[in-house]
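# one predicted model, sequence on top.
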Amino acid sequence: MKKFNIRKVLDGLTAASSSSPSSAAAQPGTPKENDAVQETLQSENFQLCKTVRHGFPYQPSSMAFDPVQKILAVGTQTGALRLFGRAGVECYCQHESGAAVIQLQFLINEGALVSVLTDDSIHLWNLRQKIPAILHSLKFNRERITYCHLPFQSKWLYIGTERGNIHIVNVESFTLSGYVIMWNKAIELSTKTHPGPVVHISDNPMDEGKLLIGFECGVVVLWDLKSKKADYRYNYDEAIHSVAWHHEGKQFVCSHSDGTLTTWNIRAPAKAAQIITPHGKQPKDGKKPEPCKPILKVEYKTTRAGDPFMVLSGGLSYDTVGRRACLTVMHGKSTTVLEMDYPIVDFLTLCETPYPNDFQEPYAVVVLLEKDLVVIDLGQIGYPIYENPYPLTIHESPVTCCEYFADCPAGLIPALYSVGTRQKRQGYSKKEWPISGGNWGQGTQSYPEIIITGHADGSIKFWDASALMLQVLYKLKTAKVFERARGKEEKSGADIVEEDPFAIQTLSWCPESRMLCVAGVSAHVIVYRFSKQEVTTEDVQLLEVRMQCDFSDVDSPDPGGDQTPTLPTPGASSSPQESEPPTQTSTGSNPSDGPRDNIPCLQVRSSPLKQSPGYQVELVVQLVWVSGEPPQPITSLAINSSYGLVVFGNSNGLAVVDYLQKTLLLNMGTSELYSPSDPYQRQPHSPRKARQPSGALCDSNDGANPSEDRCKSPTSGSTSPCNSDDERRQKFMQKVKLKSRRFSKTVASDFAKMSRKISSSSEHKPDVDAKDNSFTRSRSSSVTSIERETREAISSFHFCESFPRKTDTLVSPCLLVGTTQGSVMTVALSVPPGGDQRLQQSVGISSCGTLVRLKGGILTMALLDSTATLLPPVYEPWYDPNASDEEKEKSRRRRPASPPSSQEGQESQFAVLCSEKQAKVVAMPSQTRLYKHNITETSFVLRADVVLMAGANCIACFCANGHIMTLSLPSLRPLIDINYLPLTDMRIARTFCFSNLGQALYLTSPTEIQRITYSQETCDNLQEMLSELFTPVETPEAPNRGFFKGLFGGGAQSLDREDLFGETAAGKASRSLAQHIPGPGSMEGMKGAASGVVGDLARARIALDERGQKLGELEERSAAMMASADSFSKHAHDMMLKYKDKKWYQL
């Protein structure tokens, strides 16, 4: 444990290293005796690794199901594998090549999976370990793989290729057999054209020696493996998409590109036994039905008690333009068409038995859609769907922001769950979820974790993320507060975004008080309270704020700007607005009347709002248009339940709202936060720092005279008078030239930073990614607009109890304000006592000038006490606003503020400040810089948070160049610096967030959340915490063939494939055809499985199973022979009795 003595640091012993980017520096201050801070965090406490991935697999391409283990596997176009078992059992793994997965095949009940990729490689995955690994790979060099088939309980994998050939692979050794079925031998010799790629391979359910091969051109061949020749060939004019067997092996069904299904008897190849077009219109004159869209897949499943099921996708008639994708279930004479929300990628029918030669008894259909997974219950009338237990609805609307809270209050998750259960849909199947394999992890990590996601449709979802699982708790729809325009003609014209006007831009949540504040892209802020009781709100409380940037004066000088505004005294600086301001003024309400003015972007609903238990609207704040200029997007937001305040800022300035009194306390331009004597103040003579405050800057929409004192800066001094028009134009041109030079340098140096700086266009349309349709936002202004880039926007807030001024000796409520130019300013708050006084007296606000200046925009701020323990913002304990007055008073006692930990005059606090470039620690109240660390010179920090880790605090940072770093507190000593993930997508920058106890997450795709940990302890325990996919399950017994079938034949015919495909019989395959690549799984505890699929243990288990099965069969045969002997004896006795009295000539 290393001790950092502030006295030595302040004496300047390490001041020489202040210029080094990798070292912390101290500034001389006022040393105190016995002022030492022990830092317990070391590099050994940190390790970075991925933990779990949640959400729907992005761009799915294939699917497989193990009917014994009850595990579902989904492959994607990016080479990812997602495996699902029971609720909470999930696993993610990735192919290194990143090629799309075209097919998956389980080795049923063996704990292994074969994947086939578009780069013509096949891989064997071992699922018997918690993190699956590849045992073997085989890369084909000369042929493209199009289809594969692995029979149940077989080790020989059939591989069909684009050339029409079929190769056979031993899945134990992953070596090719010398046995090859060539396309020219499979088809008729008289055929002059190539049959096309292999689109289907399957063996006859009743005869393993017969292989059914489907070619794309419409030819199907029944191949005899022993005689190496084709028994029958079946020809149809239309291309084949899929083939399905009847379980008795006497018939099969083909689906074709013209929407037809053909049924063939295997011994009658000349003509199809039946041709139907499920969705074709049958002409009256008996002609062929009109062609339909291709039937992409068909499955034929039989039942003992009733008619067989035929399930198919596609095949709709061409006149159904615009109709959604459908799944068709044909059962007996009924045909049911089930509409899906998204296009169908694949489907599988789940059956009771894994044996293909038995009655299948289908009970469900798993349908993989482009953006959803649906399971249909075939056992209930109407085919209802099962309730999906997986967190696959993250992308229900594109995610626009994300926050992560670890170690939440204990009662929070049950409270959210109780109100969320009332939102669940009805009409689901009553049966249990059929994908039920695997076991949960046994980890000891038990603290509650919550993830909050904001979405483009204005919804907010709360997720329980405890114990590496994810479950939706509650969904809040913020759009309910506003009127919805029914058509384009009803739009007011004041919208600043055409699509997704309710999208969530940022949010602030207090878990202890359960207060929630959200900001949307239409420059609106909504404050919510949590209540367990339903309430109907007659009138939604509304506050409209007019925020105007003084930079507009450059283009249109205001003579009134020459006047020096009168400044109110501190404490009386706020001017409460009317609690019910007009929702919309008549000025400029119609665009034809002139420039829009005082118009909000959205219309708050006027009808009563029924609010269910959960989060209920307390106040809506809207920014309005100013003289034809739309309101700027809100860039930062904070709420404090103890003070009853909400603060938000943008490129124009900041506004402080008292949500208890429903009043606007402060509306101030950023430049007005600087005191006149501030060394960091923006002086008007600089093109970069020109600020021209005017009386209109602080206007709010109360309709009063602009010359009145409203929300002016409570600092002393005067503002500079405005210059003439010529001077302003000249300064503007200088600013343009300066900015253009900076712009070109930035483009050349850091493309990632440029993409981050891009936000709304001049029309304020959201940046929509064409690939994922996700809303993209940025904290800063658009680089395409030089005017907006020069504004100093508010980038972060932090409520705290500290020393607002150097001369203060006692802590008091204050607000730290961070800007995009790196300034951190202090605003003192004078909060009245609680109770009635709080509702009657106004909150006093006083700006105290700049605390410190950093390079780059401010990202996060925090406060530590003298022992480097984090001082969280004070909060008010949660109480139900709709409860009785007695219950309110019991719980509504404000938590006392933390008293200073030492005597007056001693520096008892550390202010921790982190920007895009560097971090600083400042002593309070002397405001002396103690430590500084330059985080990065070539890139910039995207996200920084002060987090609790192993009982101590540190700063966690994620840079645009992909580095994840942590710095100790208070000395800013680097602990880890790992190159993890380069910024390849704005989605990562928008959603990356750290949390306490070494947890972090980001949106790795539009549909998936990736959770990571930077804690060594969590990494060490990860194996225990992860769920288990494979569980020992006995394979069901094979169907009983019956005595006569066993005696006279007619049952399933087995085949010794080893004799056919082994090296002794078939010879060696060509070495140039495919290359064997040993997998990494054999080096991670899998060396015992190098010579087999699952190693010696699995072989022993299989041998025991086979032995037990053979013993069982022997016992059954013995019993059958005894029964037969008894029957023969009885028949012989009857015969003797019949003929014993007859003479020989009577016979």
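Yes, it's here.
# care to break the chain down by domain?
39-53+935-1032, 394-419+445-482+499-548+598-634, 1094-1140 (the TED database).
# of all the ones you listed, which one is nearest N652?
Evaluated over the domains of the chain, closeness to N652 peaks at domain 394-419+445-482+499-548+598-634, with 4.4 Å, by Cβ to Cβ. All C-beta spots, glycine's among them, are computed from the backbone N, C-alpha and C.
# now do the end-to-end distance for that closest one.
24 Å (Cα to Cα, to the nearest Å).
# which residues in the stretch 901-1050 of the chain form helices?
For the stretch 901-1050 of the chain, the helices defined by DSSP state H, counting those that start in this stretch occupy 986-991, 1016-1020, 1022-1025, 1043-1048.
# ok, the residue lying closest to P873 once chain neighbours are set aside to V646 distance?
The spatially closest residue to P873, leaving aside those adjacent along the chain, is F799, at 4.5 Å (Cβ to Cβ, 6 or more residues apart in numbering). When Cβ to Cβ, to the nearest Å is applied, the distance between F799 and V646 equals 10 Å.
# again, but for I450
I450 sits 21 Å away from V646 when distances are taken as Cβ to Cβ.
# so for these two, which sits in the more crowded spot?
More neighbours surround V646 than the other of I450 and V646, with 27 against 23 (other Cβ atoms under 10 Å).
# helix or strand: which one has the more buried one?
strand 645-649 (DSSP states H and E).
# need the next SSE after that strand, C-terminal direction.
Per DSSP H and E, strand 645-649 leads on to strand 653-658 as the next helix or strand towards the C-terminus.
# that next one pairs with which strands, parallel or anti?
strand 645-649 (antiparallel), strand 663-669 (antiparallel) (DSSP bridges).
# and the longest one, how far from the chain's centre?
Strand 663-669 has its C-alpha centroid displaced from the chain centroid by 37 Å (Cα atoms, centre = their mean, to the nearest Å).
# also the shortest one?
Offset of strand 645-649 from its chain centre (Cα atoms, centre = their mean): 28 Å.
# how long is stretch 126-133 end to end?
Span of stretch 126-133 from end to end, Cα to Cα: 6 Å.
# on that earlier part again, in CSV, list the domains of the chain along with mean pLDDT and distance to K284.
As requested, these are arranged in CSV below (pLDDT from 0 to 100; distance: least, Cβ to Cβ, whole Å):
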stretch, mean pLDDT, distance to K284
domain 39-53+935-1032, 94, 48
domain 394-419+445-482+499-548+598-634, 94, 46
domain 1094-1140, 69, 56
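# turn the strands paired with strand 653-658 into JSON lines, including distance to S1127.
Written out in JSON lines, the entries for these read as follows (distance: least, Cβ to Cβ, whole Å):
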{"stretch": "strand 645-649", "distance to S1127": "90"}
{"stretch": "strand 663-669", "distance to S1127": "98"}
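# give the contact list for S97.
Remark: with contacts taken as Cβ atoms under 8 Å, 6 or more residues apart in numbering, S97 is in contact with 79, 117, 119, 121.
# ok, how many other residues are close to the last one?
The tally of other residues near S121 (other Cβ under 10 Å) stands at 19.
# now D865
Taking other Cβ under 10 Å as the neighbour definition, D865 ends up with a count of 15.
# my guess is it meets A911, correct?
No: checked against Cβ atoms under 8 Å, the pair D865 and A911 is beyond contact range at 11.4 Å.
# buried residues in stretch 362-381?
Using 16 or more other Cβ atoms under 10 Å as the test for burial, stretch 362-381 gives 362-378.
# and V497, how far from S830?
38 Å.
# who's more crowded, the two?
More crowded of V497 and S830, by other Cβ under 10 Å: V497, with 22 against 18.
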